[in-house]
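>>> Quick one: sequence plus predicted model below, questions after.
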Amino acid sequence: MTSTRGPDCGIVFMTEGVLLREMFASPLLMQYSCIVLDEVHERSQMTDVLMGLLKKIAKKRKNLKLVVSSATMDAEFLRDFFNVRDKKDSEPGSSSVIMSMQGRTHPIEVYYSAEPVADYVKATVDTVIKIHENEPFGDVLAFLTSQEEILEALDTLRTYAEDNNQKNKHRRHFPSGVQAANLNIVPMYGSLPHYKQIQAFQIGDKNVRKVVLATNIAETSVTIPGIVYVIDCGFHKLPHFSPDVGVASISVAPISKNNATQRAGRAGRTARGKCYR
């Protein structure tokens with residue numbers, strides 16, 4: 001937090017907006033020797049502006065170190081973009097390099113709906129129920145765009161879970177032949193109190209399938225263990241400025257290909273996974 005920064009502070013964590021304000025006070029960021037820009041694959045407007053400004057600063061400050069990291073971004077594109085060495089320079093080669101580390105991911109099967117759905121919140125709920133009654137045991141992570149959509153799906157699924165858990169007292173298998181399991185539905189979004197967010201990371205009881213309804217906070221910011229199935233609605237919320245009325249708002253927009261790849265990767269952390277788009 002920038003508000004608690006002292007003279008002995010060695011590392012500062014900040015958002016893109018705070019870093020941009022730092023540039024207003026010090027255009028060359030002389031107070032920093034190394035800048036790490038994380039999760040650039042999200043390609044928000046602020047991130048793109050920062051990368052352009054940091055490239056200009058790197059041309060002026062040869063000793064400044066820039067670390068740009070992402071799990072899915074095109075590394076060659078970033079290397080060429082941040083190459084600030086001119087052909088006239090005495091040192092040959094590029095001023096930027098690629099450092100890659102292979103992640104431990106398991107194979108992921110991706111499934112698509114046969115045709116566009118009219119209501120992706122309802123389709124997400126239906127997919128959760130189908131997975132629960134037809135797929136082997138494993139936790140589910142479903143992506144939705146906002147707290148309102150999560151609460152809407154949460155009410156429907158908790159009603160189903162109560163009925164399902166009651167019926168499981170008198171059955172061992174679903175009609176599909178899959179072993180019957182209880183269902184625990186937990187939400188995950190930014191404004192959720194901390195003690196409720198922890199529920200998404202807790203290991204459930206035996207024979208209890210956990211379903212996490214999350215915004216894109218679960219895409220890169222956190223890793224939830226035990227996820228085998230991912231349901232991707234294909235949308236997220238982005239800040240949008242309307243020049244006609246001069247008002248900034250947040251609107252629902254389709255996710256990028258890199259975002260979709262990142263979401264699907266959440267299913268293959270511990271075992272073979274499946275992603276439903």
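That came through, no problem. Since the model is a prediction, treat every value here as computed from it, not as a measurement.

>>> Tyr160: how many residues sit nearby?
By other CB atoms under 10 Å, 16 other residues sit near Tyr160. All C-beta spots, glycine's among them, are computed from the backbone N, C-alpha and C.

>>> Does it belong to a helix, a strand or coil?
helix (DSSP: H, G, I helix; E, B strand; the rest coil).

>>> Could you tell me which residues make contact with it?
Residues counted as contacts of Tyr160 (CB atoms under 8 Å, 6 or more residues apart in numbering) are 125, 129, 183.

>>> Check which element follows the strand or helix carrying the first one along the chain.
Assigning secondary structure by DSSP states H and E places Val125 in helix 120-134. In the C-terminal direction, the helix or strand that comes right after helix 120-134 (DSSP H and E) is strand 139-143.

>>> packing partners for that next one?
helix 120-134, strand 208-214, helix 217-220, strand 227-232 (3 or more CB pairs under 8 Å, 6 or more residues apart in numbering; DSSP states H and E).

>>> now the strands: where do they sit in this protein?
Secondary structure of the chain by DSSP state E: the strands cover 34-37, 65-68, 108-111, 139-143, 182-188, 208-214, 227-232, 235-242, 247-254, 273-276.

>>> can you list those strands in CSV and add mean pLDDT and mean neighbour count?
Listed next are the strands of the chain as CSV, based on pLDDT from 0 to 100; neighbours: other CB atoms under 10 Å:
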stretch, mean pLDDT, mean neighbour count
strand 34-37, 91, 14
strand 65-68, 90, 15
strand 108-111, 94, 14
strand 139-143, 95, 26
strand 182-188, 94, 21
strand 208-214, 94, 24
strand 227-232, 95, 24
strand 235-242, 82, 15
strand 247-254, 85, 11
strand 273-276, 94, 22
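
>>> the bottom helix or strand of the protein by mean pLDDT?
helix 217-220 (a mean of 80; mean pLDDT, DSSP states H and E).

>>> Name the residues that touch that one?
39, 42, 71, 141, 143, 188-190, 200, 212, 224, 259, 262-263, 266.

>>> Looking at those, which is nearest Lys65?
Glu39 (18.4 Å; CB to CB).

>>> Could I get the phi/psi values of that closest one?
Per-residue torsions, Glu39: phi 60, psi 50 (degrees, to the nearest 10).

>>> what's the burial count for it?
18.

>>> Would you mind confirming that it makes contact with Met46?
No: Glu39 is not in contact with Met46 according to CB atoms under 8 Å; the separation is 11.8 Å.

>>> Please tell me how far the residue positioned nearest the centre of the chain sits from Phe143.
The chain has Glu219 as the residue nearest its centroid, 1.7 Å off, counting by CA atoms, centre = their mean. Distance of Glu219 to Phe143, computed by CB to CB, to the nearest Å: 7 Å.

>>> Also Gln179?
In terms of CB to CB, Gln179 sits 27 Å off from Phe143.

>>> And Asp232, how close does it get to Pro7?
Distance from Asp232 to Pro7, by CB to CB: 46 Å.
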